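[1] return a 3D structure for these sequence lines:
(one chain, ligands or ions: 1)
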Amino acid sequence: MARVVVLGAGLGGVIAAYNIRKEVPKQDEVIVINENSFYQFVPSNPWVLVGWREREDILVDLAKPMKKRHVQLIVGAAKKVDPDAKSVLMSDGTSVPYDYLVIATGPELAFDDIEGLGPESGFTQSVCHIDHAQSGRAAFEALCEDPGPAIVGAVQGASCFGPAYETAMIIETELRKRKIRDRVPMTFVTSEPYIGHLGLDGVGDTKGLLESEMRDRHIKWITNARVKKVEATRMLVEELNEDGTVKTEHDLPMKFSMMLPAFRGVAAVRDIEGLVNPKGFIITDQHQRNPKYPEIFGIGVCIAIPPVGKTPVPVGVPKTGFMIESMGNAVAENIGALRKGREATHEATWNAICIADFGDGGVAFIAQPQIPPRNVNWSVSGGWVHTAKVAFEKYFLRKVRTGHAETFYENVALGLLKTHKIKH
Ligand code: FAD
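    Next up, the predicted model:
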């Protein structure tokens, strides 16, 4: 008998746990450790920010589906992974030993990199967590009561840009609905070298599509931006030249701001020699396996991926649902193989699909593989994207609730490619 522990029940952890249960012998224990008793559908957080969703709409209580899949759920925070002892030390002083560990903790949000950034001790809102989106909603309502300039974007070192564009467009749509858009000048501030880069050097014509959306909606933008400091009523931003020198300094007035922060590895794994890189991201090989501790696997936002190329302001590569799902499935197959006395040979496919909602339209893209040059490099905009995202949310939440989420993104990607007659 073996014990497989999955640390983190976000997108990657839930998919991995459901699938590992199918792959390993019945007598093996599969345990999930998660800080919260619920799964949150992170992509819906921008809708919570503007009041289009309530908290309970996008959460799934994990107790029932985990029980149904014969997975034990431990609700609590891991304090430190001890790879030499093959054990996870919990914050309450207990420890959870393992034979195999799958780390799927997502990121720690590095708000403290920049003075004044973040919802807790700073002046910018966040959509990275349901709690942030909820407190951000109060700030958004305050903006609507007393309109003024709004700044949305992603700071230096960020790797997640899609939600920044979505939040800007969703806010813009809601302001128009409330007939106060004319009183809210909007600026998009981003570390990307150009609009639509997305940490991926663009996908299809995301540059043209997203610039066009911004122009249509009168959202100004600053690229190659390095946020120096945020205060209650202003953001200080340096715009850099190609060679990294400062081109312009901006002193931007603001009444509301939502900025995606940089990510780093969580404290439970940080500074463990051989397990993580200097930023605390899990080092994995092509089988999602850590070379120094081969019984440890990493999936999702918590793993180390090099950037696509040098940019004046550092930007990271996003880790999106399709590739995370594929990593979770590869890990499950690899642990299953090891349990049957075989080698771990399965690899994730590392493709990206994005359905970016803009409130009353949107942009969808598929990148196969995620890093260019690609075999499929397709992007499109249209009113149907908003409807597709709503369907996407409902379908995925139902999958998690019923304990079947393993090939969700793959099915959606294949469906989109087929509908649009894209060869792949
Ligand atoms: P997470 O979902 O962050 O899950 C990590 C889990 O680990 C959490 O439950 C956390 O509580 C738990 N955890 C962390 N530390 C500990 C600890 N010490 N002890 C116990 N538990 C712990 N991708 C797409 O493909 N499409 C989208 O539309 C999309 N929208 C996004 C919107 C937003 C606002 C953001 C931030 C990202 C979006 N992404 C999207 C990117 C990515 O798919 C998500 O970030 C996804 O949630 C990442 O999954 P994950 O499993 O790696 O991490």
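[2] give the contact list for Tyr100.
    Applying Cβ atoms under 8 Å, 6 or more residues apart in numbering, we find Tyr100 in contact with 2-5, 295-297, 335, 338. Placement of C-beta: from N, CA and C, glycine included.
[3] spatially nearest residue to it (excluding sequence neighbours)?
    Val4 (4.6 Å; Cβ to Cβ, 6 or more residues apart in numbering).
[4] for Ser121, same thing?
    Phe111 (7.6 Å).
[5] can I assume the one you found is in contact with Gly118?
    Yes. The criterion here is Cβ atoms under 8 Å, and Phe111 meets it with Gly118 at 2.9 Å.
[6] list residues touching both of those two?
    In contact with both Phe111 and Gly118: 126, 261, using Cβ under 8 Å, 6+ apart.
[7] still on that earlier bit, what is the nearest of the contacts of Tyr100 to Pro149?
    Of all these, the one with the least separation from Pro149 (Cβ to Cβ) is Phe297, at 45.3 Å.
[8] in a strand, that closest one, correct?
    Yes. Using DSSP: H, G, I helix; E, B strand; the rest coil, the secondary structure at Phe297 is a strand.
[9] show me what contacts it?
    Phe297 neighbours (Cβ under 8 Å, 6+ apart): 100-103, 284, 287-290, 331, 334-335.
[10] dump these into CSV; add distance to Thr311, pLDDT and secondary structure as well.
    Shown next, in CSV, are the contacts of Phe297 (distance: Cβ to Cβ, whole Å; pLDDT from 0 to 100; DSSP: H, G, I helix; E, B strand; the rest coil):
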residue, distance to Thr311, pLDDT, secondary structure
Tyr100, 37, 98, strand
Leu101, 34, 98, strand
Val102, 32, 98, strand
Ile103, 28, 98, strand
Thr284, 24, 98, coil
His287, 29, 97, coil
Gln288, 27, 98, coil
Arg289, 30, 98, strand
Asn290, 28, 98, coil
Val331, 31, 98, helix
Asn334, 33, 98, helix
Ile335, 36, 98, helix
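[11] out of those, flag the one nearest to the ligand.
    When those are compared for distance to the ligand (Cβ to the nearest ligand atom), Ile103 wins out at 9.1 Å.
[12] pretty sure that closest one is touching Ile282, no?
    Yes. At 5.3 Å, Ile103 counts as touching Ile282 under the criterion of Cβ under 8 Å.
[13] the ligand contacts on the stretch 151-300 of the chain?
    Neighbours of the ligand within the stretch 151-300 of the chain, by Cβ under 6 Å from any ligand atom: 160, 162-163, 266, 268, 300.
[14] by neighbour count, which of the residues you listed wins?
    Gly300 (28 neighbours; other Cβ atoms under 10 Å).
[15] assign the nearest residue to Leu338 once chain neighbours are set aside to helix, strand or coil.
    Of all residues not flanking Leu338 in the chain, Ala344 sits nearest, at 5.6 Å (Cβ to Cβ, 6+ apart). Ala344 falls in the coil class when you classify it by three-state DSSP.
[16] what about Ala344, neighbour count?
    A count of nearby residues for Ala344, using other Cβ under 10 Å, gives 19.
[17] please apply the same query to the one 4 residues further on.
    Counted with other Cβ under 10 Å, the burial measure for Ala348 works out to 21 neighbours.
[18] give the contact list for it.
    Ala348 sits next to 288, 323, 326-327, 329-330 when contact means Cβ under 8 Å, 6+ apart.
[19] closest one of those to Pro312?
    Distance ranking of the contacts of Ala348 against Pro312, using Cβ to Cβ, places Met323 first at 26.2 Å.
[20] and the closest one, what is it in contact with?
    Taking Cβ under 8 Å, 6+ apart, we find Met323 in contact with 348-352, 370.
[21] okay if I get those residues as JSON lines plus pLDDT, secondary structure and distance to the ligand?
    As requested, these are exported to JSON lines (pLDDT from 0 to 100; DSSP: H, G, I helix; E, B strand; the rest coil; distance: Cβ to the nearest ligand atom, whole Å):
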{"residue": "Ala348", "pLDDT": "94", "secondary structure": "coil", "distance to the ligand": "13"}
{"residue": "Thr349", "pLDDT": "88", "secondary structure": "coil", "distance to the ligand": "14"}
{"residue": "Trp350", "pLDDT": "84", "secondary structure": "coil", "distance to the ligand": "12"}
{"residue": "Asn351", "pLDDT": "88", "secondary structure": "coil", "distance to the ligand": "10"}
{"residue": "Ala352", "pLDDT": "86", "secondary structure": "strand", "distance to the ligand": "7"}
{"residue": "Gln370", "pLDDT": "85", "secondary structure": "coil", "distance to the ligand": "11"}
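[22] max pairwise distance over those: which two?
    Ala348 and Ala352, at 11.8 Å, using Cβ to Cβ across the contacts of Met323.
[23] what's the residue of the chain found nearest the ligand sitting at in phi/psi?
    Distances between the chain and the ligand by Cβ to the nearest ligand atom are smallest at Gly10, namely 1.8 Å. Dihedral pair for Gly10: phi -90, psi -150, per degrees, to the nearest 10.
[24] give the helix, strand or coil label for the nearest residue to it once chain neighbours are set aside.
    Spatial nearest neighbour of Gly10, chain neighbours left out: Gly106 (5.0 Å); criterion: Cβ to Cβ, 6+ apart. In three-state terms, and counting by three-state DSSP, Gly106 is coil.
[25] ok, Gly106 touching Cys302?
    Yes. Contact criterion Cβ under 8 Å: Gly106 and Cys302 qualify, at 5.9 Å.
[26] where do the contact lists of those two overlap?
    Common neighbours of Gly106 and Cys302 (Cβ under 8 Å, 6+ apart) are 8, 266.
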